[in-house]
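model the following, please.
(one chain, ligands or ions: 1)
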Amino acid sequence: MTCRCKSRFNAVFMKNLEWYMKNIYGKFKIELFNRLGNTVLEIGAGTGINLGYYRKGTDLTVVEPSKDMIGFLKEKARKSDIKLHIIEGVGEKLPFDDNSFDSVVTTLVLCSVQSQTKVLREIKRVLKPEGRFIFIEHVVAPEHTLTYSVQNVLQPIWKWLFEGCDIKRDTASAIRKFFPDAYIKNVRFNSPFIPVNYHIVGYGIKKDHSA
Ligand SMILES: C[S@@+](CC[C@H](N)C(=O)[O-])C[C@H]1O[C@@H](n2cnc3c(N)ncnc32)[C@H](O)[C@@H]1O
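So this is what the prediction gives:
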């Protein structure tokens, strides 16, 4: 039998950090989520922290691998006006047809997926032509900064503790391979969580119709 202790720990940890995440990401989310279409896919929705940012009437599908996160997500969904479909799965292999969604959302997920390339390819595939992918992700700090050194030291333990979360990913470059014209803003927070203070916030539009 596999122990779900770490998965449970992470779900409870994220749940307890919701107030903090609302404070630091809230204003970016309000701006980005305003531009979403009617049919939305959120990958790695966690405890459902983003539910409150969707427009009333949004037809939302979420794909999330953690049963413990899904528990919190379901609780939150009961109190929301969103039409929600929850699917236990991973972003690397989405069980949807090509061109299915107006928009796709990831927040703090591309750090944790096994393959950014596979997930981004899938995001582009399931987006409708001209569909919008919005993201907020923490990323590797610029080289020679103190944060970069801290990331170097903490990366292995962080990855182990937070179930694969890699604090040193150059996610902007990965996104640009699939969304070359993406709008990507670098945002640095001055939070106590030093290893994850550097972020990218933005969106990409599916321009060419090949998946
Ligand atoms: C740091 S949490 C972020 C949760 C939420 N999006 C938020 O902003 O609070 C990372 C989430 O990604 C999920 N995740 C990890 N690997 C994934 C994968 N391959 N596909 C989809 N979701 C994944 C985790 O289960 C977890 O819910």
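
show me what counts as buried in the top strand by length along the chain.
Determined from DSSP state E, the single longest strand within the chain is strand 127-138. Residues of strand 127-138 classed as buried: 127-128, 131-138 (neighbour count, 16 or more other C-beta atoms under 10 Å). C-beta here means a position set from N, CA and C on the backbone, and glycine is covered the same way.

and of those, the nearest to Thr39?
Lys128 (8.3 Å; C-beta to C-beta).

and the pLDDT for the closest one?
Note for Lys128: predicted pLDDT of 97.

what about the closest residue to it other than its chain neighbours, which SS state?
In this structure, Lys128 finds its nearest non-sequential neighbour in Asn99, 4.8 Å apart by C-beta to C-beta, 6 or more residues apart in numbering. Put simply, Asn99 is coil when judged by DSSP: H, G, I helix; E, B strand; the rest coil.

same check on Asn190?
With three-state DSSP as the criterion, Asn190 reads coil.

tally of neighbours for the closest residue to it other than its chain neighbours?
Distances taken as C-beta to C-beta, 6+ apart put Asn197 closest to Asn190, at 6.9 Å, once the chain neighbours are dropped. By other C-beta atoms under 10 Å, the residues close to Asn197 number 21.

residues touching Asn197, list them.
Asn197 sits next to 138, 141, 147, 188-191 when contact means C-beta atoms under 8 Å, 6 or more residues apart in numbering.

can you say which of those residues are buried?
138, 141, 147.

measure Lys76 to the ligand for me?
12 Å (C-beta to the nearest ligand atom, to the nearest Å).

tell me where this protein has strands.
39-43, 59-64, 83-88, 101-107, 127-138, 183-188, 198-205.

who are the packing partners of the first one?
Judged by 3 or more C-beta pairs under 8 Å, 6 or more residues apart in numbering; DSSP states H and E, strand 39-43 is in contact with strand 59-64, strand 101-107, helix 116-126.

so does that strand get close to the ligand?
Yes. For strand 39-43, a contact with the ligand is found by C-beta under 6 Å from any ligand atom, at Ile43.
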